[in-house]
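J.: need coordinates for the below:
(chains A, B, C and D)
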Number of protein chains: 2
Amino acid sequence: MTSETGPKTARGRERKGAIIEVAAALMYERGVRATGLEDVLAESRSGKSQFYHYFSSKDELVAAVLEYQLMTVLGELGEFRVDTWRGIRSWFDALLEGQEERGFKGCPVGSLSIELSAGDRLMQGRVADAFSRWETALARAFAAMQARGALDDSARPQILAEATLAAIQGGYLLSTIHRDIAPMRTALTAAFTELRAARPQKTS
Amino acid sequence: MTSETGPKTARGRERKGAIIEVAAALMYERGVRATGLEDVLAESRSGKSQFYHYFSSKDELVAAVLEYQLMTVLGELGEFRVDTWRGIRSWFDALLEGQEERGFKGCPVGSLSIELSAGDRLMQGRVADAFSRWETALARAFAAMQARGALDDSARPQILAEATLAAIQGGYLLSTIHRDIAPMRTALTAAFTELRAARPQKTS
DNA sequence: ACGTGACTGTACCGTACGGTACAGTGCCGC
DNA sequence: GCGGCACTGTACCGTACGGTACAGTCACGT
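T.: Next up is the predicted model:
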């Protein structure tokens, strides 16, 4: 996956990276369809020919942006010990902080995905894959907790991951719509409570 | 609000209604920005001049569609006794059924709102208002349950409504992305469990 | 030195789309 | 029967946008 047959060799990589970063920022702010190629190129100081040298279409750029945003999110996730209660809490706090700092513009992966999942099959698949990777990362952490005895044997990591991610995305959505962090905090608090409810029962 | 200075008088109302319905369906399926006026007009068998007789811009049509979709959702909500446990469950089941029947295309209000909340202030306000009305409807039902003693005195209806709506929206999102009802069912089950946890405690 | 291939600049094309202009048509009260 | 107004049909405009063509330039291996 990371091999990707890196189709360039030099500062070209830098250029391509710059285009992706600018596109990610713009698409995050305005939406994919509302972001024109020309906007991206102007802000990254590139020309059309550069763009079409590195990408074969706007869709390909969008796919790269999706991957980029997913890596950002997974990267942040990786900075926390999400297989501990404290770690989960810290991660949730970081999500809240990020949403507030970025001006309540929503989840970089989620908002992108919603727009893209109305597209063609290929794009739908890419989006579904991105979310699966996020879910799997979470499920693995929960499985580790379960193995350690921090979660009840009856808990199902995959299910917990789904519910957690749903709460996160729902929280982002409400927060974005209301331009207010409170509903997202509510959603994440509820998600945390629900996770804690899956701790081992002492009925032995 | 419902007075709206009904700007027409006759079958014109029918025409306008038809345009809104077609637009709602198309925008639900493809997204707002991906739906052209010409598509809407073709399918509703209207001309440009009709359209601009009834609406002053595409944005105004979008606002009408948002209102239409909100009314649909609130209308469906109203068909259930959401101030009872059985009613809530039935409503959740209906949401799941609807999402499946419509081909996993997401929440008619939610997906619209996400796209629109990247627009201008006016549109953002309309979206926030729509969601507030949905939240309020839920919060009122929960308040009624609380008054009846079905919810603990310490529960806060507004908070419960936020968390519930977040779970619903998050569930819709995951379900739409994966083209699968399971994650939404997981999210709604979790939301229901969390609501049940707010039943009166017998510690007294 | 020179040729090859990665990269860059500029100009252009086709089309889709939101919006406008304008000339009607048919219903309704008087 | 006629004036006015709600409504309808058609043709058109300006622009934005994704994508292409093509002519370079620059780095580097030989």
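J.: which ones are touching the residue most central in space within chain A?
T.: Against the mean C-alpha coordinate of chain A, by C-alpha atoms, centre = their mean, the closest residue is A:Val109 at 3.7 Å. Taking C-beta atoms under 8 Å, 6 or more residues apart in numbering or on different chains as the definition of contact, the neighbours of A:Val109 are A:66, A:69-70, A:73, A:130-131, A:134. For glycine as for every other residue, the C-beta is placed from the backbone atoms N, C-alpha and C.
J.: now those residues: which count as buried?
T.: For those, burial is judged from neighbour counts taken by 16 or more other C-beta atoms under 10 Å in any protein chain shown, and it is met by A:66, A:69-70, A:73, A:130-131, A:134.
J.: chain A: helices as residue ranges?
T.: A:11-30, A:37-43, A:48-54, A:58-78, A:85-101, A:110-116, A:121-148, A:157-178, A:182-196 (DSSP state H).
J.: report the rounded mean pLDDT for the last one.
T.: The average pLDDT for helix A:182-196 rounds to 98.
J.: of all the buried ones among the contacts of A:Val109, which comes closest to DNA strand D?
T.: Of all the buried ones among the contacts of A:Val109, A:Leu66 has the smallest distance to DNA strand D: 15.7 Å, by C-beta to the nearest atom of the strand.
J.: and the pLDDT at that closest one?
T.: 97.
J.: does it touch A:Ser111 like I think?
T.: No - with contact defined as C-beta atoms under 8 Å, A:Leu66 and A:Ser111 do not form a contacting pair (11.2 Å).
J.: before we move on, the earlier item: turn the helices of chain A into JSON lines, columns for distance to DNA strand C.
T.: Below are these laid out as JSON lines (distance: least, C-beta to the nearest atom of the strand, whole Å):
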{"stretch": "helix A:11-30", "distance to DNA strand C": "2"}
{"stretch": "helix A:37-43", "distance to DNA strand C": "9"}
{"stretch": "helix A:48-54", "distance to DNA strand C": "3"}
{"stretch": "helix A:58-78", "distance to DNA strand C": "12"}
{"stretch": "helix A:85-101", "distance to DNA strand C": "30"}
{"stretch": "helix A:110-116", "distance to DNA strand C": "16"}
{"stretch": "helix A:121-148", "distance to DNA strand C": "17"}
{"stretch": "helix A:157-178", "distance to DNA strand C": "23"}
{"stretch": "helix A:182-196", "distance to DNA strand C": "31"}
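J.: closest to B:Asp180 out of those helices?
T.: Taking C-beta to C-beta, helix A:121-148 is the member of the helices of chain A nearest to B:Asp180, at 8.9 Å.
J.: what is the closest one packed up against?
T.: helix A:58-78, helix A:110-116, helix A:157-178, helix B:157-178 (3 or more C-beta pairs under 8 Å, 6 or more residues apart in numbering or on different chains; DSSP states H and E).
J.: looking at the ones you listed, which is closest to B:Leu95?
T.: Judged by C-beta to C-beta, the one of the helices and strands packed on helix A:121-148 that comes nearest to B:Leu95 is helix B:157-178, at 6.6 Å.
J.: under the pLDDT cut-off, which ranges of chain A? List them.
T.: Segments of chain A classed as low confidence (criterion: pLDDT under 70) are A:1-10, A:203-204.
J.: so which bits of it are right by DNA strand D?
T.: Counting by C-beta under 7 Å from any atom of the strand, the residues of chain A lying close to DNA strand D are A:10, A:35-39, A:48-49, A:52, A:57-59.
J.: which among those residues gets closest to B:Leu195?
T.: Each of the residues of chain A next to DNA strand D was checked against B:Leu195 using C-beta to C-beta; the closest is A:Thr35, at 39.5 Å.
J.: what is the burial count for the closest one?
T.: As a burial measure, the neighbour count of A:Thr35 was computed by other C-beta atoms under 10 Å in any protein chain shown and equals 22.
J.: measure it to chain B for me?
T.: A:Thr35 sits at a distance of 10 Å from chain B (criterion: C-beta to the nearest C-beta, to the nearest Å).
J.: ok, now which ones touch that residue?
T.: Applying C-beta under 8 Å, 6+ apart as the definition, the contact partners of A:Thr35 turn out to be A:23, A:26-27.
J.: now those residues as TSV including neighbour count?
T.: As requested, the contacts of A:Thr35 are exported to TSV (neighbours: other C-beta atoms under 10 Å in any protein chain shown):
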residue	neighbour count
A:Ala23	26
A:Leu26	19
A:Met27	26
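J.: excluding chain neighbours, what is closest to A:Leu122?
T.: Once flanking residues are discounted, A:Leu122 sits nearest to A:Asp59: 7.9 Å by C-beta to C-beta, 6 or more residues apart in numbering or on different chains.
J.: and A:Gln169, by the same measure?
T.: The spatially closest residue to A:Gln169, leaving aside those adjacent along the chain, is B:Gly170, at 4.2 Å (C-beta to C-beta, 6+ apart).
J.: hang on, the one you found packs against A:Ser175?
T.: No - distance between B:Gly170 and A:Ser175: 11.9 Å, which falls outside the contact criterion (C-beta under 8 Å).
J.: re the thing from before, and the buried ones among the residues of chain A next to DNA strand D, selectable in ChimeraX?
T.: Selecting only the buried entries of the residues of chain A next to DNA strand D in ChimeraX, with 16+ other C-beta under 10 Å as the criterion:
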select /A:35,37,58,59
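J.: hmm, back to that, now, among the contacts of A:Thr35, which is nearest to A:Glu115?
T.: Proximity of those to A:Glu115 was ranked by C-beta to C-beta; the top entry is A:Met27 with 8.6 Å.
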